[in-house]
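Colleague: the amino acid sequence is not available; the structure is as follows:
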């Protein structure tokens with residue numbers, strides 16, 4: 001509960017307004033001058049009849065400043081250009097001289113990212129600005145063509161299809177819930193060796209389901225106005241972060257408990273989820289490190305994506321941590337399996353390893369593989385792939401801990417290697 005509170009407080013303070021496809025703000029001359037142009041947003045257009053519409057609040061001031069929007073298709077080497085070179089390198093220039101204006105984007109053979117910047121007469125001026133402090137309020141709306149070719153689609157090319165995916169996933173969760181909720185509820189009420197683990201798995205699955213639901217609500221609204229519901233996007237990321245931390249603690253604590261307790265358990269001691277100081281410290285160390293990196297990443301990337309492309313330092317460190325945790329779990333499980341004689345128990349540990357490795361490695365592997373795909377495909381591949389892989393991981397662990405034929409037989413064979421029950425009663429109770 002303490003870890004959840006820390007994540008909630010930090011996350012709430014780190015979340016900024018999302019960069020939506022309907023963008024509102026203020027064009028500022030001082031910001032544009034300090035940065036050789038005020039960066040506004042980016043959008044991946046596809047096909048033909050793409051549209052960018054703007055609305056201004058103070059047209060006379062914009063005309064006085066000679067305000068204009070600069071659209072670029074590529075940003076490679078952009079930071080090395082001088083101010084004048086940046087302005088002249090714009091693929092498309094839109095003069096801000098009317099209250100409203102619609103600009104048609106040139107036809108795209110393949111989806112391309114367009115970057116929007118603001119510049120005016122003061123942007124490349126070396127001498128001091130004479131009291132130019134007032135900004136120009138604006139609203140930008142970027143639209144892709146829909147299936148009929150009309151510019152009505154708020155989704156960027158990299159987000160196309162995610163709305164339908166979340167909808168199908170909600171249906172799948174609902175059907176699975178209707179089928180399995182009763183036997184799962186009975187297993188949770190019955191207790192037994194797998195009781196605590198099942199509670200953790202169920203909570204993680206619930207958080208994942210809530211994350212999908214919040215993302216769907218956000219994108220359903222987004223499809224209508226290009227802004228969505230930023231609060232829903234923030235809650236979706238928060239649920240995913242808590243699920244990641246909870247699963248990390250469970251998997252790491254279990255493995256460390258198995259290893260550290262092998263030599264000191266008696267045959268008569270009932271099965272337990274060991275919480276020795278050493279195993280707890282190791283698990284909490286991993287949880288704190290991952291939680292800190294997740295929060296750091298939110299500060300660096302304020303768009304609402306549960307599964308970032310990890311171009312930031314925090315994202316790269318997070319991927320490295322997941323790979324390192326996988327290596328730790330692999331080393332621990334290898335030692336246990338190598339010393340185990342029972343085929344049944346080796347199968348149990350191997351199934352546990354599959355579920356754990358899939359949970360930790362799916363994200364780094366998908367980010368690595370995404371480099372071979374086009375820019376507009378990367379986010380969809382990472383998002384859909386991670387959600388499906390982690391759902392499969394939870395299913396593998398559910399089947400493992402719910403199986404009477406496997407887990408309960410293993411539990412009855414030995415109390416030395418499976419410290420998972422919270423029961424304090426006689427062993428023959430089960």
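Modeller: The structure has been received and is ready for your questions. This structure is a prediction, so every number in the text was calculated from the model and none was measured.
Colleague: and residue 280, how far from residue 290?
Modeller: Distance of residue 280 to residue 290, computed by C-beta to C-beta, to the nearest Å: 16 Å. (C-beta placed from N, C-alpha, C; glycine too.)
Colleague: pLDDT score assigned to residue 3?
Modeller: We have a pLDDT of 43 for residue 3.
Colleague: do the same with residue 24
Modeller: Residue-level pLDDT assigned to residue 24 equals 91.
Colleague: which SSE is it in?
Modeller: strand 22-27 (DSSP states H and E).
Colleague: for that strand, enumerate the helices and strands it packs against.
Modeller: Using 3 or more C-beta pairs under 8 Å, 6 or more residues apart in numbering; DSSP states H and E as the contact test, the elements touching strand 22-27 are strand 38-47, strand 136-145.
Colleague: neighbour-wise, which of residue 280 and residue 290 wins?
Modeller: Neighbours were counted for residue 280 and for residue 290 using other C-beta atoms under 10 Å; residue 290 has more, 21 against 15.
Colleague: for the helix or strand hosting the more buried one, buried residues please.
Modeller: Per DSSP H and E: residue 290 is located in helix 277-300. Buried residues in helix 277-300, counted by 16 or more other C-beta atoms under 10 Å: 279, 282-283, 286-287, 289-298.
Colleague: swap in stretch 106-123?
Modeller: Along stretch 106-123, these residues count as buried under the neighbour rule (16+ other C-beta under 10 Å): 108, 111-120, 122-123.
Colleague: returning to what we had before: got CSV for the helices and strands packed on strand 22-27, with distance to residue 392, mean neighbour count and mean pLDDT too?
Modeller: Compiled in CSV, those are given as follows (distance: least, C-beta to C-beta, whole Å; neighbours: other C-beta atoms under 10 Å; pLDDT from 0 to 100):
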stretch, distance to residue 392, mean neighbour count, mean pLDDT
strand 38-47, 29, 21, 90
strand 136-145, 32, 21, 92
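Colleague: in JSON lines, list the ones you listed along with distance to residue 62.
Modeller: Below are the helices and strands packed on strand 22-27 laid out as JSON lines (distance: least, C-beta to C-beta, whole Å):
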{"stretch": "strand 38-47", "distance to residue 62": "13"}
{"stretch": "strand 136-145", "distance to residue 62": "5"}
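Colleague: what sits against residue 244?
Modeller: Applying C-beta atoms under 8 Å, 6 or more residues apart in numbering, we find residue 244 in contact with 290, 294.
Colleague: and whichever strand or helix holds it, what's buried?
Modeller: Element membership for residue 244 (DSSP H and E) is helix 230-261. Neighbour-count burial for helix 230-261 flags 230, 232-261 (criterion: 16+ other C-beta under 10 Å).
Colleague: then stretch 53-64?
Modeller: Within stretch 53-64, the residues that qualify as buried are 54, 56, 58, 61-62, counting by 16+ other C-beta under 10 Å.
Colleague: farthest-separated two in these?
Modeller: 54 and 61 (14.6 Å; C-beta to C-beta).
Colleague: and the nearest residue to residue 297 once chain neighbours are set aside, how close does it get to residue 248?
Modeller: Once flanking residues are discounted, residue 297 sits nearest to residue 314: 4.2 Å by C-beta to C-beta, 6 or more residues apart in numbering. From residue 314 across to residue 248, the span is 16 Å (C-beta to C-beta).
Colleague: and residue 179, by the same measure?
Modeller: Residue 179 is 28 Å from residue 248, by C-beta to C-beta.
Colleague: now residue 113: which helix or strand?
Modeller: Per DSSP H and E: strand 108-119 holds residue 113.
Colleague: got it, and residue 196?
Modeller: For residue 196, the host element (DSSP H and E) is helix 195-225.
Colleague: cool, residue 337 as well?
Modeller: Going by DSSP H and E, residue 337 is part of helix 313-339.
Colleague: name the residues of that helix that are buried.
Modeller: For helix 313-339, burial by neighbour count (16+ other C-beta under 10 Å) applies to 314-315, 317-319, 321-322, 325-326, 328-329, 332-333, 336.
Colleague: turn those residues into JSON lines, including distance to residue 47.
Modeller: Output for these, formatted as JSON lines (distance: C-beta to C-beta, whole Å):
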{"residue": "314", "distance to residue 47": "35"}
{"residue": "315", "distance to residue 47": "31"}
{"residue": "317", "distance to residue 47": "38"}
{"residue": "318", "distance to residue 47": "35"}
{"residue": "319", "distance to residue 47": "34"}
{"residue": "321", "distance to residue 47": "40"}
{"residue": "322", "distance to residue 47": "37"}
{"residue": "325", "distance to residue 47": "43"}
{"residue": "326", "distance to residue 47": "41"}
{"residue": "328", "distance to residue 47": "48"}
{"residue": "329", "distance to residue 47": "46"}
{"residue": "332", "distance to residue 47": "51"}
{"residue": "333", "distance to residue 47": "50"}
{"residue": "336", "distance to residue 47": "55"}
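Colleague: in a markdown table: these, plus pLDDT and distance to residue 343.
Modeller: Below are the buried residues of helix 313-339 laid out as a markdown table (pLDDT from 0 to 100; distance: C-beta to C-beta, whole Å):
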| residue | pLDDT | distance to residue 343 |
| --- | --- | --- |
| 314 | 80 | 43 |
| 315 | 81 | 41 |
| 317 | 87 | 40 |
| 318 | 87 | 37 |
| 319 | 88 | 35 |
| 321 | 89 | 34 |
| 322 | 89 | 31 |
| 325 | 87 | 28 |
| 326 | 90 | 25 |
| 328 | 86 | 25 |
| 329 | 87 | 21 |
| 332 | 84 | 20 |
| 333 | 85 | 16 |
| 336 | 80 | 14 |
